[in-house]
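>>> attaching a predicted model along with its sequence, questions to come.
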Amino acid sequence: MSYETTPLYRALPTHYDSTPNDDNDGIDGIGDSSDDYLKNDADRSSDFTSATSSSGNSSSAESDALEIDIEDAIDMIGMGRFQFEVLVSAGLCFASDAIEIMLLSFLTVVLTAEWNLTEREMDTVVSVVFAGAILGTVVLGTLADRIGRRPVYLATAIIVAVFGILSAFVNGIGWFYVARFMVGFGTGGGT
């Protein structure tokens, strides 16, 4: 059985001329100038138009597109304010998820002293968080595939924050189980 591969990203040539280049990279006429990344969209568009008309095949822009892999596409985009904001917000959400999971070892000790929990109840506190994480991964992962990652990721951050705070104010073990289950649900959905 053979599988057909498709490119992850297609990019228009940023520089095209009919003369061979001197940098011996094996690609003649494409990417010769170090100023290629500094060109604006209009310059790139005119370069591509001239490239297709000079090659005699102006019927399809897609046939003349240069295929590049995702790493090259990310390198071409670069790191800007938007990427930094995404990095910080995702990092903060992952940090809060990690803290919620690490708190489990401290919670069981404190709750045992505060509420006189049995060993079985202590184990259940840990188990409901991970049961919520499993369910959250399945449910919210499927939802993210349908409506998009960003709204689901924001919802998981809100779920973890709200139910994490609520778990500090509950007075009984039953409601604590519910709050921690929802924390796990949000944590699992964020992955």
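Received it, and whenever you're ready, just let me know what you need.

>>> any idea how far the closest residue to Leu143 other than its chain neighbours is from Thr118?
Using C-beta to C-beta, 6 or more residues apart in numbering and skipping residues adjacent in sequence, the residue nearest Leu143 is Val152, 5.5 Å away. In short, each C-beta sits where N, CA and C put it, glycine included. Applying C-beta to C-beta, to the nearest Å, the value for Val152 to Thr118 is 37 Å.

>>> the two: who's more crowded?
The neighbour comparison of Val152 against Thr118 (other C-beta atoms under 10 Å) goes to Val152, with 20 against 11.

>>> next one, pLDDT for the more buried one please.
pLDDT, Val152: 94.

>>> so which strand or helix has it?
Per DSSP states H and E: Val152 is located in helix 149-166.

>>> export that helix as PDB, just CAs?
Extracted in PDB, the C-alpha atoms of helix 149-166 (Å, rounded to 0.1, in the frame of the first residue of the first chain):
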ATOM      1  CA  ARG A 149      -7.900  25.200  19.700                       C
ATOM      2  CA  ARG A 150      -8.000  28.800  21.000                       C
ATOM      3  CA  PRO A 151     -11.600  28.900  22.400                       C
ATOM      4  CA  VAL A 152     -11.200  25.500  24.000                       C
ATOM      5  CA  TYR A 153      -7.800  26.400  25.500                       C
ATOM      6  CA  LEU A 154      -9.200  29.600  26.900                       C
ATOM      7  CA  ALA A 155     -12.200  27.700  28.400                       C
ATOM      8  CA  THR A 156      -9.800  25.100  30.000                       C
ATOM      9  CA  ALA A 157      -7.800  28.000  31.600                       C
ATOM     10  CA  ILE A 158     -11.100  29.400  33.000                       C
ATOM     11  CA  ILE A 159     -12.200  25.900  34.200                       C
ATOM     12  CA  VAL A 160      -9.000  25.300  36.000                       C
ATOM     13  CA  ALA A 161      -8.900  28.800  37.600                       C
ATOM     14  CA  VAL A 162     -12.600  28.800  38.800                       C
ATOM     15  CA  PHE A 163     -12.700  25.200  40.100                       C
ATOM     16  CA  GLY A 164      -9.200  25.500  41.600                       C
ATOM     17  CA  ILE A 165     -10.400  28.500  43.600                       C
ATOM     18  CA  LEU A 166     -13.700  26.900  44.500                       C
END
